[in-house]
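# Please work out how this folds:
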Amino acid sequence: GGGGGGGGKPHGRASPPPPAQRASLSAEEEEAARLERVRVLQGRTPEAVRAPKLHVCLVLDGVSLAHVDDPETELRLLLVASRCRSVVACRASPLQKATLVRIHQEHIRPPPVALSIGDGANDVSMIQQADVGVGIVGKEGRQAANTADFAIGQFRFLQRLLLVHGRWNYRRQATVFLYSMHKNMVLTFTLFWFTYLSAASGTSMYESLVYTSFNFALFLPIVAYGILDQDISADYAMHHPETYSTGRLNTQLDLFRIAWWIGNAIMYAVILCLLFFVALDESFEDYGLYSLGTLVFAAMCQALQGKALFLSHTVTWFHVGAFAISIGGLLLFFLVYNLNPAVTFIFFGVADFLYSEAIFWLSFLILAPVSTIMFDLTAFAVQSAWAPTKETLYRERDALARGALKADQWW
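Alright, predicted model coming up:
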């Protein structure tokens with residue numbers, strides 16, 4: 001059985017892959033190794049960012065930044081730069097400036113809020129890449145200022161923009177958001193409680209247009225808060241930069257603060273429902289559905305107006321006018337709406353009846369707002385005494401520095 005085997009290949013030995021396949025395998029292995037290096041660098045990045053800074057300044061020029069063209073190099077640059085006290089980039093192109101901002105946004109976890117500031121047209125790309133852009137109006141024109149979110153006249157104004165107005169604005173907007181969520185939860189929870197009194201029939205005790213007026217009745221006071229409130233003075237914020245951590249650490253919108261507001265909304269609803277559906281139940285035996293609902297609605301709006309007043313650290317004539325317009329406008333709306341039976345027969349005469357009842361004015365002016373504010377005041381006193389927040393301590397120290405508070409006062 002011998003055959004001509006002179007041209008055969010020896011058995012038991014694998015033939016090497018062709019050159020093209022070897023190149024492909026090598027490229028795949030190199031890419032896998034690169035991805036592994038990137039993964040390792042990404043794991044080291046948070047530790048490097050939190051590590052103490054060295055007394056070293058890193059200086060980069062445009063030629064050096066030209067080599068930062070892949071994720072691995074970007075991470076290596078970030079690891080080195082994170083340990084330095086400062087980083088200076090000179091002779092960099094607009095695209096390279098934007099790349100430095102993007103590296104921080106993409107590779108740091110949790111993602112930071114990046115701010116870019118510039119005064120010329122070559123800073124536009126960097127300003128657009130950042131989360132917050134600040135333009136300086138100067139000799140190089142207005143291109144940077146026209147692109148930015150904020151425009152200032154000199155670089156030194158950046159300190160006040162961040163430490164004072166930045167912190168004020170963060171607290172205002174966070175509180176406006178939480179208050180908006182809070183008031184709608186209170187309204188919903190009162191309806192939820194009434195569901196059990198109406199045998200789960202789905203009946204609402206609020207007339208439809210009255211229900212729709214809820215946000216209109218409450219928006220002015222919280223808008224005044226969102227524009228003008230100042231919890232600490234500008235001088236204190238400028239001389240104590242640590243107060244800026246309020247916004248940097250997102251202390252007003254963390255999970256604990258949101259849960260606190262949700263719990264507060266539940267307690268508001270419980271207080272109002274216990275007051276009107278339990279304590280004063282016999283007083284409303286001869287009331288119609290919308291007479292009772294309108295009374296509860298008005299008292300609830302007044303209690304939430306008191307909540308906005310309790311939150312305010314600054315009270316001006318604008319605040320007083322906002323509260324007066326909100327309260328007076330609501331009462332005037334009820335009065336006008338109940339006069340014309342052609343508009344809605346079911347609400348005809350409801351306001352006339354309520355305004356002649358002493359229990360309406362007692363509930364509207366005293367019972368509801370005082371009960372809820374007393375709850376807020378008690379919770380605030382307990383928290384201030386046993387677990388004060390940094391913001392509470394900042395306000396207390398600021399008041400002591402201005403002489404508005406004595407050392408032996410606790411409120």
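# so where does the most centrally placed residue in the chain fall, helix or strand?
Centroid-nearest residue in the chain, with C-alpha atoms, centre = their mean: Ala174, separated by 4.2 Å. Per DSSP states H and E, Ala174 falls inside helix 167-197.
# and that helix, average pLDDT?
In this model, helix 167-197 carries a mean pLDDT of 95.
# shaky segments in this structure?
1-26, 34, 404-411 (pLDDT under 70).
# Now with 80, please.
1-51, 109-110, 138-140, 342-344, 403-411 (pLDDT under 80).
# How far off centre is the helix or strand hosting Thr378?
Using DSSP H and E, Thr378 sits in helix 368-386. Helix 368-386 sits 24 Å away from the centroid of its parent chain (C-alpha atoms, centre = their mean, to the nearest Å).
# packing partners for it?
helix 255-273, helix 289-311 (3 or more C-beta pairs under 8 Å, 6 or more residues apart in numbering; DSSP states H and E). C-beta: built from backbone N, CA, C; applies to glycine.
# and Leu178, which of the ones you listed is closest to it?
Counting by C-beta to C-beta, Leu178 lies closest to helix 255-273 out of these; the figure is 4.7 Å.
# Take that closest one, keep the C-alpha atoms, and write them as PDB.
Output of helix 255-273 as PDB, limited to C-alpha atoms (Å, rounded to 0.1, in the frame of the first residue of the first chain):
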ATOM      1  CA  LEU A 255     -31.900  61.000  47.800                       C
ATOM      2  CA  PHE A 256     -32.200  61.900  51.500                       C
ATOM      3  CA  ARG A 257     -33.500  65.400  50.800                       C
ATOM      4  CA  ILE A 258     -36.000  64.200  48.200                       C
ATOM      5  CA  ALA A 259     -37.300  61.500  50.700                       C
ATOM      6  CA  TRP A 260     -37.500  64.200  53.400                       C
ATOM      7  CA  TRP A 261     -39.800  66.300  51.100                       C
ATOM      8  CA  ILE A 262     -41.900  63.300  50.200                       C
ATOM      9  CA  GLY A 263     -42.400  62.500  53.900                       C
ATOM     10  CA  ASN A 264     -43.300  66.100  54.600                       C
ATOM     11  CA  ALA A 265     -45.900  66.100  51.800                       C
ATOM     12  CA  ILE A 266     -47.500  63.000  53.300                       C
ATOM     13  CA  MET A 267     -47.600  64.600  56.700                       C
ATOM     14  CA  TYR A 268     -49.200  67.800  55.300                       C
ATOM     15  CA  ALA A 269     -51.900  65.700  53.700                       C
ATOM     16  CA  VAL A 270     -52.400  63.700  56.900                       C
ATOM     17  CA  ILE A 271     -52.700  66.800  59.000                       C
ATOM     18  CA  LEU A 272     -55.200  68.400  56.600                       C
ATOM     19  CA  CYS A 273     -57.300  65.200  56.300                       C
END
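# Packing partners of that helix?
Using 3+ C-beta pairs under 8 Å, 6+ apart: helix 255-273 touches helix 167-197, helix 289-311, helix 368-386.
# Identify each buried residue in it, please.
Using 16 or more other C-beta atoms under 10 Å as the test for burial, helix 255-273 gives Arg257, Trp261, Asn264, Ala265, Met267, Tyr268, Ala269, Ile271, Leu272, Cys273.
# what do you get for stretch 329-349?
So, applying 16+ other C-beta under 10 Å, buried residues of stretch 329-349: Leu330, Phe333, Phe334, Tyr337, Asn338, Thr344, Phe347, Phe348.
# Could you give the separation of that stretch from the chain centroid?
That offset, for stretch 329-349, works out to 38 Å (C-alpha atoms, centre = their mean).
# my read is Arg85 is in a strand, agree?
Yes. Counting by DSSP: H, G, I helix; E, B strand; the rest coil, Arg85 falls inside a strand.
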